[in-house]
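Q: Pasting the sequence and the predicted model now:
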Amino acid sequence: MSELLNMLSRLQAGELTVAEAAAALGEREVDLGFARVDTDRQKRRGLPEVIFSPGKQPAQMVAIAQALIDAGQNVFATRIRPEQHEVLRAAFPDLVYHDDANAITIDRSACPEPEGCVAVVCAGTSDRPVAAEAALAAERMGAHVEQISDVGVAGLHRLMNHVDRLRASRVIVVVAGMEGALPSVVAGLVNRPVIAVPTSVGYGASLKGIAALLTMLNSCVPGITVVNIDNGFGAGVAAGMINKRDDEA
């Protein structure tokens, strides 16, 4: 009881923020009115709540980021718009903008030491933003990431130069647009789980990624899991979790 009274006294004196007090008391969320920030996700899932930026006002982004920081957690925001970046940079001068992944991070505590290996394979240069998002998400989960770029099926000899690196990884994320054939090729060469990411890259008949999505879903190679179109973040988190479980085993 004395610890609780001490905390309430510090809160009243302005020595603690509401978010800090909530985190110390074990609360699982901070209610900002327009958002309920999940401060328990780090403990529950191994990665703090990540901010999906589209549709959010810059001031809302700042408030969510501050709530995470007050709860002692790092900030990771994806799909940043220029006006959001500008306001966040003013509020948090130490933020890092990851240009290739179009994401920002703000770290107040040490990130996990890299372990294991996640390979992120990118079919073409146009697929790189989605691949970079996957790589960053896996890194935030504590994985060592090997990026292998521009090895699409139009020139399979380029992929064959990296087979040893693929086989040395614990899990492989394969990002491809157009017809989306690359995950099947990769999965046929290795005994590792493959997470396929269709991208919206391609000419008209690619239907903004639907053609690649259907190809990946219809693969005859076992061991392929498919995420949604352009969902590099989801693939990276899944790969990071598989990599971590492999290490624990």
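A: Happy to help now that I have it.
Q: Domain map for this protein?
A: What automatic domain parsing lists as the domains of the chain is 12-106, 115-248.
Q: Need the distance between the two termini of the shortest one.
A: Yep, that's domain 12-106 we're talking about. 28 Å (C-alpha to C-alpha, to the nearest Å).
Q: And the contacts of stretch 134-146?
A: Residues from elsewhere that reach stretch 134-146, judged by C-beta atoms under 8 Å, 6 or more residues apart in numbering: 46-47, 50, 74, 76, 98, 101, 103, 105, 111-120, 147, 165, 169, 173, 175, 197, 232-237, 239-241, 243-244. Glycine gets a C-beta too; all of them are placed from N, C-alpha and C.
Q: Helix or strand for residue 105, just tell me which one.
A: strand 103-106 (DSSP states H and E).
Q: neighbouring contacts of the very next helix or strand once past that strand?
A: Where DSSP H and E defines the elements, the next helix or strand beyond strand 103-106 is strand 115-122. Taking C-beta under 8 Å, 6+ apart as the criterion, the residues outside strand 115-122 that touch it are 128, 131, 134-135, 138, 142-151, 159, 162, 165-166, 168-176, 182, 186, 236, 239-240, 243-244, 246-247.
Q: Pull out the buried members of those residues.
A: By neighbour count, with 16 or more other C-beta atoms under 10 Å, the contacts of strand 115-122 hold 128, 131, 134-135, 138, 142-151, 159, 162, 166, 169-176, 182, 186, 236, 239-240, 243-244 as buried.
Q: quick one: which of those residues sit in helices?
A: 128, 131, 134-135, 138, 159, 166, 182, 186, 236, 239-240, 243-244 (DSSP state H).
Q: And the furthest pair within these?
A: Largest separation among these by C-beta to C-beta: 159 and 244, giving 26.6 Å.
Q: Quick check: closest non-adjacent residue to the most centrally placed residue in the chain.
A: With distances taken as C-alpha atoms, centre = their mean, the residue of the chain nearest its centroid is residue 137 (2.7 Å). Leaving aside its sequence neighbours, residue 137 sits nearest to residue 236 (C-beta to C-beta, 6 or more residues apart in numbering; 2.8 Å).
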